[in-house]
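Chemist: all I have is the shape, not the residue letters:
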């Protein structure tokens with residue numbers, strides 16, 4: 001008791017009891033913990049796996065601890081001087097009576113803010129429809145000119161150029177240089193995309209850079225860049241960072257590639273595949289052409305046969321054959337008729353001889369003379385009628401014969417291929433012609 005205070009104490013604490021009371025008061029006042037941002041110092045990581053450090057700002061500091069389970073989830077290595085954002089429970093280390101924070105989550109301070117900004121922009125642009133699958137355009141199958149929006153000195157452009165040269169050396173590649181990191185990067189990238197789209201030079205555009213932290217890739221999470229990709233008149237491929245990295249540009253682009261090299265693989269076909277495809281097409285074309293040529297040759301042979309069948313020489317030969325056949329039939333018919341008449345005459349003579357008695361010699365003789373005269377007359381008439389019919393048939397055959405036409409002064413003109421010339425336009429000046437006349441042939445040349 002102090003000599004200056006005569007009041008009785010309500011409760012007397014021990015150091016441990018007081019520290020316990022203060023700890024309980026702190027934990028009750030902030031049961032859910034706090035988010036706190038500051039600079040790391042005095043970072044220690046003993047063999048136990050726990051992490052001990054001090055979090056400070058310009059005016060104060062507080063001791064902190066992160067136990068092994070939470071520390072194993074860290075995606076980075078905490079070092080002195082690093083600015084971090086931390087979630088922790090407020091407490092008191094009773095043994096020393098020291099105020100401390102026990103952290104269960106820690107991230108670089110800038111990355112956490114950027115991640116929240118990323119999610120907000122992604123949600124807003126997604127609501128506007130910039131990520132809609134139905135607006136995604138297909139890439140051209142055989143791009144002739146590719147524009148690559150990237151840093152000309154980065155590893156990404158070297159990878160892209162190497163893959164494109166290997167897969168499709170015929171494709172033209174133009175590097176459209178822009179900064180890919182820092183404050184000047186977003187407006188430069190957006191402006192380059194707008195110029196490339198308006199130039200109408202490119203079949204497809206590739207926006208790319210190598211890997212890095214969220215802050216390093218932040219230029220591709222800019223709203224102006226996203227809207228420039230969305231407004232592009234040609235398809236845009238995005239390949240930013242590594243396979244695990246995603247940016248707003250990836251969501252807006254018509255196609256997202258995991259890496260710059262993968263983007264180059266997707267942009268152009270492989271020349272080996274193209275060569276195999278061309279070989280198959282060439283074989284198919286050769287087969288089709290061979291079949292068509294065979295069919296055309298067969299048709300040509302058929303037309304040649306039909307043309308040969310229509311030549312005047314062939315028609316004359318057929319008519320001559322018909323005339324010879326008719327002549328043979330006529331001769332055979334006349335011979336048979338004469339033979340029948342001769343046989344009949346012989347029979348009549350036999351009958352006359354059988355009935356030739358001496359007493360009736362004169363009448364039978366007269367009768368015989370009459371019969372002979374009638375027979376002779378009949379034969380003569382029959383022969384004359386057959387001769388007239390034969391002459392009429394011969395005149396008819398001669399009238400339809402092309403030779404008769406030639407005998408009337410006409411001629412048949414053949415060109416150098418023995419084709420009949422029907423129009424003057426079928427003969428060129430200087431062509432040799434063969435003229436078939438009623439008797440013989442002559443060879444002439446057209447002069448005018």
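Modeler: Yep, it's here. Because the structure is a prediction, the values reported are computed rather than measured.

Chemist: average model confidence for the top helix by length along the chain?
Modeler: In the chain, taking DSSP state H as the definition, the longest helix is helix 312-354. Across helix 312-354, pLDDT averages out at 81.

Chemist: can you check stretch 238-252 too?
Modeler: What stretch 238-252 shows for mean pLDDT is 87.

Chemist: quick one: buried residues of it?
Modeler: For stretch 238-252, the neighbour count (16 or more other Cβ atoms under 10 Å) marks 238, 239, 240, 241, 245, 246, 247, 248, 249, 250, 251, 252 as buried. Every residue, glycine included, has its C-beta placed from N, CA and C.

Chemist: which residue, other than its chain neighbours, is closest to the spatially most central residue of the chain?
Modeler: Central residue of the chain (Cα atoms, centre = their mean): residue 141, 7.1 Å from the mean position. Once flanking residues are discounted, residue 141 sits nearest to residue 269: 7.0 Å by Cβ to Cβ, 6 or more residues apart in numbering.

Chemist: now swap in residue 431 and tell me
Modeler: Per Cβ to Cβ, 6+ apart, closest to residue 431 is residue 446, 5.3 Å.

Chemist: same deal with residue 222?
Modeler: Using Cβ to Cβ, 6+ apart, the closest residue to residue 222 is residue 186 (3.6 Å).

Chemist: now do residue 187
Modeler: residue 224 (6.5 Å).

Chemist: number of residues surrounding the one you found?
Modeler: The local packing of residue 224 (other Cβ atoms under 10 Å) involves 14 other residues.

Chemist: chain center to whichever strand or helix holds residue 101: distance?
Modeler: Residue 101 belongs to strand 98-108 when assigned by DSSP states H and E. Mean-position distance between strand 98-108 and its chain equals 60 Å (Cα atoms, centre = their mean, to the nearest Å).

Chemist: and that strand, what does it pack against?
Modeler: strand 61-66, helix 68-71, strand 83-93 (3 or more Cβ pairs under 8 Å, 6 or more residues apart in numbering; DSSP states H and E).

Chemist: ok, of these, where does mean pLDDT dip lowest?
Modeler: strand 83-93 (a mean of 85).

Chemist: hang on, the earlier thing: who's in contact with the strand holding residue 101?
Modeler: 26, 33-34, 36, 55, 62-67, 70, 73-76, 78, 82-93, 213 (Cβ atoms under 8 Å, 6 or more residues apart in numbering).

Chemist: how about it: buried residues?
Modeler: 100, 101, 103, 106, 107, 108.

Chemist: quick one: residue 25 is in a strand?
Modeler: No - the assignment for residue 25, made by DSSP: H, G, I helix; E, B strand; the rest coil, is helix rather than a strand.

Chemist: which residues are contacting the helix or strand where residue 237 lies?
Modeler: Remark: residue 237 resides in strand 236-240, with elements defined by DSSP H and E. Here strand 236-240 makes contact (Cβ under 8 Å, 6+ apart) with 139, 156, 193, 204-209, 217, 220, 229, 247, 249-250, 252-260, 262-263, 266-267.

Chemist: now with 6 Å?
Modeler: Applying Cβ atoms under 6 Å, 6 or more residues apart in numbering, the contact partners of strand 236-240 are 205-209, 217, 220, 229, 247, 249-250, 253-257, 260, 263.

Chemist: circling back: the helix or strand hosting the residue nearest to residue 187 to strand 236-240, inter-axis angle?
Modeler: Using DSSP H and E, residue 224 sits within helix 223-231. Calculated by axes from the mean of the first three to the mean of the last three Cα atoms, to 10 degrees, helix 223-231 forms an angle of 140 degrees with strand 236-240.

Chemist: could you give the mean pLDDT of helix 223-231?
Modeler: Averaging the model's pLDDT scores along helix 223-231 yields 93.

Chemist: for that helix, packing partners?
Modeler: helix 185-199, helix 248-252 (3 or more Cβ pairs under 6 Å, 6 or more residues apart in numbering; DSSP states H and E).

Chemist: and those: which comes nearest residue 345?
Modeler: Across those, the minimum distance to residue 345, taken as Cβ to Cβ, is reached by helix 185-199, at 116.8 Å.

Chemist: my guess is the residue nearest to residue 222 meets residue 221, correct?
Modeler: No - Residue 186 is not in contact with residue 221 according to Cβ atoms under 6 Å; the separation is 8.8 Å.

Chemist: burial measure for the residue nearest to residue 431, as a count.
Modeler: 14.

Chemist: low-confidence ranges in the stretch 101-250 of the chain?
Modeler: For the stretch 101-250 of the chain, residues meeting the criterion pLDDT under 70 lie at 110-114.
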